[in-house]
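turn this into a model:
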Amino acid sequence: MKSNKKTIVIISPSKKYLGGIYHYAIKTALELKKFCNVKVISFKKQYPKFLYPGNQNKENLSVLKIEDEYAILKWYDYFSWKNAIKIVKNHANLIYIPYWTIILAIPLLFLAKTSKKHGIKVIIEFHNLFEHEAGKIKKILSSLIINRIVKYSDLCIVHTKENSEKLNNLVKHDVNAITLPLGPLNDFKHLENPNEIYDLYGLDKKKKYILMFGIVRKYKGLEYAIKAMKFLNKTDYSDYQLLVVGEIWINLRKEKGLIYKYGLEDKIIFINKFIPDGHILPFFKIAEIIIYPYSSATQSGSLNFALSATKPIIATTAGGFKEILKDQVNGLIIPPKDPHKLANAILKLIENQELAKKIAESGYVYFQNNSSWNTIIEKMLNAIKII
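Numbering: from 1, shown residues only. Just a heads-up that it's a prediction; the model follows:
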């Protein structure tokens with residue numbers, strides 16, 4: 001029999017595929033527990049193997065833990081979806097479903113539709129409306145799925161104004177949606193001394209690092225960062241290195257060709273592995289500059305790490321960066337796919353340390369004033385009227 005206490009069931013990615021969306025789902029669950037009961041239903045088998053380029057078993061690399069987690073969902077197994085619905089029916093007043101990929105559209109749609117049928121409120125959180133680098137056919141299919149899943153929602157959450165406008169333009173019926181900032185994920189237990197990162201990952205303490213952090217994919221603009229380093233290498237600041245940290249999910253043939261062509265073999269460092277939670281912030285701490293040369297984006301969870309580390313940031317106008325970063329105030333904003341502008345922005349911060357410090361400090365103030373989980377959760381629950 002269902003308890004009178006309010007209970008929310010959160011659907012989560014598998015912990016085997018640790019990344020920003022898994023962390024965000026579990027962190028959301030932990031924050032919601034301050035207000036109500038929470039159970040998590042996660043994927044046991046999330047993707048077909050050929051669609052997942054990651055090569056590490058990450059199951060034990062996260063410090064985020066939650067009780068009442070049921071790892072039962074399988075992307076291909078209708079009966080696992082039915083078992084999840086049994087838990088939802090028996091316990092939940094509300095189901096919270098993150099949407100980030102069309103690959104999982106069918107099970108997520110089933111969970112939303114069936115929960116709604118049983119009188120359970122449904123929140124759909126959109127991390128991406130369309131997958132990065134999605135082609136025309138995939139975008140058409142995504143549009144159809146999004147229209148269907150929104151139909152069964154009581155509330156939709158997006159994380160940028162740009163995505164809010166896209167959602168309203170995309171959906172052919174009324175949608176109840178709110179825009180909430182991404183809550184911070186940087187309250188892990190970190191290395192006590194960030195300098196331990198140098199020894200753990202074989203980095204040179206005498207070098208200065210320009211950091212790109214996160215899974216390496218085409219849309220994140222590594223090609224343009226490499227081309228920017230070509231210009232930087234011709235200046236007096238050749239002691240700066242580009243540090244690329246995160247699993248590589250693309251074929252680097254083109255990027256490696258550029259590195260060899262420009263003679264940058266000792267200027268670009270790759271750490272091709274998933275980074276444990278407690279090592280993330282220290283990477284930002286040892287960097288001089290953080291860059292986001294994205295050609296397209298929705299938002300970036302790692303941006304909160306950059307802001308909280310009090311580091312100067314360079315980002316493109318892609319996606320939600322421009323909603324958080326104001327040019328010359330708490331970041332430098334450049335056009336996408338423009339290595340000259342990226343190189344000039346890097347040089348500007350190197351040569352004007354006063355500006356770099358001002359941008360870094362303003363970024364930290366922004367983080368402090370706009371990253372309250374309590375505020376995010378209260379706005380969400382007020383919008384859904386669950387408490």
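
these two touch, right, Phe283 and Leu211?
Yes: if you go by CB atoms under 8 Å, Phe283 and Leu211 touch, sitting 6.4 Å apart. For every residue, glycine as well, the C-beta is placed using N, CA and C.

now the common contact residues for those two.
Listed as contacting both Phe283 and Leu211 by CB atoms under 8 Å, 6 or more residues apart in numbering are Leu243, Val245.

for this structure, what's the longest strand?
Ranked by residue count, the top strand of the chain under DSSP state E comes out as strand 37-45.

show me the contacts for Tyr70.
Tyr70 makes contact with Lys39, Val40, Ile41, Ser42, Ala84, Ile87, according to CB under 8 Å, 6+ apart.

what pLDDT does the second one get?
Going back to what we said before, that points to Val40. Looking at Val40, its pLDDT is 95.

for the residue nearest to it when sequence neighbours are not counted, give me its contacts.
Closest residue to Val40 in three dimensions, ignoring its sequence neighbours and counting by CB to CB, 6 or more residues apart in numbering: Glu69, at 4.3 Å. With contact set as CB under 8 Å, 6+ apart, Glu69 has these partners: Ser12, Lys39, Val40, Ile41, Ser42.

center of this structure - which residue?
What sits nearest the mean C-alpha location of the chain, by CA atoms, centre = their mean, is Gly301, with 3.7 Å.

and that residue, helix, strand or coil?
Secondary structure for Gly301, judged by DSSP: H, G, I helix; E, B strand; the rest coil, is coil.

what segments of the stretch 101-250 of the chain are helices?
105-117, 136-151, 161-170, 196-200, 222-232 (DSSP state H, counting those that start in this stretch).

now the first one against helix 136-151, angle please.
For helix 105-117 and helix 136-151, the angle between their directions (axes from the mean of the first three to the mean of the last three CA atoms, to 10 degrees) works out to 10 degrees.

helix 105-117 packs against which elements?
Here helix 105-117 touches helix 78-91, strand 94-99, strand 121-126, helix 136-151, going by 3 or more CB pairs under 8 Å, 6 or more residues apart in numbering; DSSP states H and E.

could you single out the most deeply buried of those?
Stretch with highest mean neighbour count among the helices and strands packed on helix 105-117: strand 94-99 (a mean of 25; mean count of other CB atoms under 10 Å).

so what are the sheet partners of that strand and their directions?
Take DSSP bridges as the rule and strand 94-99 pairs in its sheet with strand 7-12 (parallel), strand 121-126 (parallel).

tell me the contacts of the closest residue to Glu223 other than its chain neighbours?
Nearest-residue entry for Glu223: Glu255, 5.8 Å, with adjacent residues in sequence omitted and distances by CB to CB, 6+ apart. With contacts defined as CB under 8 Å, 6+ apart, the neighbours of Glu255 are Leu222, Glu223, Ile226.

okay, these in a markdown table with neighbour count, distance to Tyr47 and pLDDT next?
A markdown table is the format used below for the contacts of Glu255 (neighbours: other CB atoms under 10 Å; distance: CB to CB, whole Å; pLDDT from 0 to 100):
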| residue | neighbour count | distance to Tyr47 | pLDDT |
| --- | --- | --- | --- |
| Leu222 | 23 | 23 | 97 |
| Glu223 | 17 | 26 | 97 |
| Ile226 | 24 | 29 | 97 |
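
ok, so of those, who is nearest Lys161?
Ranking those by separation from Lys161, with CB to CB as the measure, puts Leu222 on top at 27.2 Å.

which residue packs closest to the closest one, ignoring adjacent ones?
What sits nearest to Leu222 in space, not counting adjacent residues and going by CB to CB, 6+ apart, is Glu255, at 5.5 Å.

the one you found in helix, strand or coil?
Here Glu255 is helix, with the state taken from three-state DSSP.

from Tyr292, how far off is it?
Counting by CB to CB, to the nearest Å, the gap between Glu255 and Tyr292 amounts to 17 Å.

same question, Lys45
Applying CB to CB, the value for Lys45 to Tyr292 is 32 Å.

break this protein into its domains for me.
The chain breaks down into these domains under automatic domain parsing: 7-183+371-384, 196-370.

tabulate these (CSV), appending distance to His190.
Output for the domains of the chain, formatted as CSV (distance: least, CB to CB, whole Å):
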stretch, distance to His190
domain 7-183+371-384, 10
domain 196-370, 5
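
which of those domains has the lowest mean pLDDT?
Comparing mean pLDDT across the domains of the chain, the lowest value falls on domain 7-183+371-384: a mean of 88.

between the helices of the stretch 101-250 of the chain, which gets nearest to Ile8?
Evaluated over those, closeness to Ile8 peaks at helix 105-117, with 11.5 Å, by CB to CB.

which stretches in the protein count as strands?
In the chain, the strands defined using DSSP E lie at 7-12, 37-45, 69-74, 94-99, 121-126, 155-158, 177-179, 208-213, 240-245, 268-271, 289-292, 313-316, 332-334.

of all those strands, which lies closest to Leu185?
Closest of the strands of the chain to Leu185 is strand 208-213, at 12.4 Å (criterion: CB to CB).
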